[in-house]
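Q: sequence unavailable; structure follows:
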C-alpha cells in the first residue's frame, strides 16, 4: 500500500472509534437520564426503595453526578426515618426527617413530606410526654385509693382525639388497663362506671357517676358553666403548661365543677394534671 492508502485507512479507523465513543456516550446519558427520571417518579408514588435503586443505577453511569448523589442521600435518610417510626423511635425519626429538609438541590417532594413528618412527630413527642406524666400521676392516685381522681387523669389520655393512632399504642393500652382496674374497684363500691371506650360521646372526664347522682346531675353540670367560662378555663390550663386541646368541653366543665366544690381556683385543680 502507498502512503496515501495508509492515511485513508487510518482516518476511517479513527472515524469508527470516534463514532463508537460518541454513540456509547449518548447511550450512557440516556440510561442515566432514564434511571434518574424513573427514580423521581418513584418518589412521587412513595416507592422509596425503588427510588433508591434507580438513583444507584443512575450513579453507575455517572458516578460523580451531584444531583443523583443528593437525591440518593435524601431517599436513604427518609427511609431511615420511616423505619425508626415503625420501631417507635420517634425522636431519632424526627431528627432524620429534619436532616432531609436541610439537603439542598434535591427532591422538593421529599423535603415537603419530611417537613410534614417532622412537625407531626414534634407534636407526638410532646403529647407522649404529657400523657406519660398524667399516667404516672394516675397510678399514684390509684395506689392511694383515689380511683375517681385517677380516672380524671386518665381522661386526658383516653379523651385525646388522635389517641387511636399507632404512635400512642403503648400509653393508650396502659391507660385503658388502669382505667379498667379503677372501674372494677369503684363498681364494687357501688358506683356506676362507664369505660371511656364505650362512651357514646367520649366527653366524660372521669366516666364515673354514683347511682344517686343519675343523669339529671350530669345534665345540670353541663349547663352550669357558660362558654365564656370554659374558654377562660382553657386559657388557665394553657398558662399552667397543660395542653387544653386534650380536654373536651365536658372535661373542662369537670375541672370547673371540682374547683367550685373544693373552693379553690382552676389553677389549683390544673396542678393535678401536671
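A: Great, that's in hand. Nothing here was measured: the structure is a model prediction, and the numbers come from that model.
Q: least confident secondary structure element in this protein?
A: Sorting the helices and strands of the chain by mean pLDDT, DSSP states H and E puts strand 208-210 at the bottom, at a mean of 33.
Q: so residue 61 is in contact with residue 30, correct?
A: No. Between residue 61 and residue 30 there is no contact, the gap being 9.2 Å when judged by Cβ atoms under 8 Å. Every residue, glycine included, has its C-beta placed from N, CA and C.
Q: neighbour count winner among those two?
A: residue 61 (18 against 11; other Cβ atoms under 10 Å).
Q: with adjacent residues omitted, what lies nearest to that one?
A: residue 32 (4.1 Å; Cβ to Cβ, 6 or more residues apart in numbering).
Q: number of nearby residues for the residue lying closest to residue 153 once chain neighbours are set aside?
A: For residue 153, ignoring the flanking residues on the chain, the nearest one in space by Cβ to Cβ, 6+ apart is residue 138 at 3.7 Å. The criterion is other Cβ under 10 Å. On that basis, residue 138 has 26 neighbouring residues.
Q: under the pLDDT cut-off, which ranges of the stretch 1-150 of the chain? List them.
A: 1-28 (pLDDT under 70).
Q: which stretches of it form strands?
A: In the stretch 1-150 of the chain, no strands are defined using DSSP state E, counting those that start in this stretch.
Q: kindly report the same for the stretch 151-274 of the chain.
A: For the stretch 151-274 of the chain, the strands identified by DSSP E, counting those that start in this stretch occupy 191-193, 208-210, in order along the chain.
Q: average pLDDT across the first one?
A: If I follow you right, that is strand 191-193. When the per-residue pLDDT values of strand 191-193 are averaged, the result is 75.
Q: list the helices and strands that strand packs on?
A: Other elements packing on strand 191-193 under the criterion 3 or more Cβ pairs under 8 Å, 6 or more residues apart in numbering; DSSP states H and E are helix 169-188, strand 208-210.
Q: name the stretch among those that sits most buried.
A: For those, the largest average neighbour count (mean count of other Cβ atoms under 10 Å) is found in strand 208-210, namely a mean of 18.
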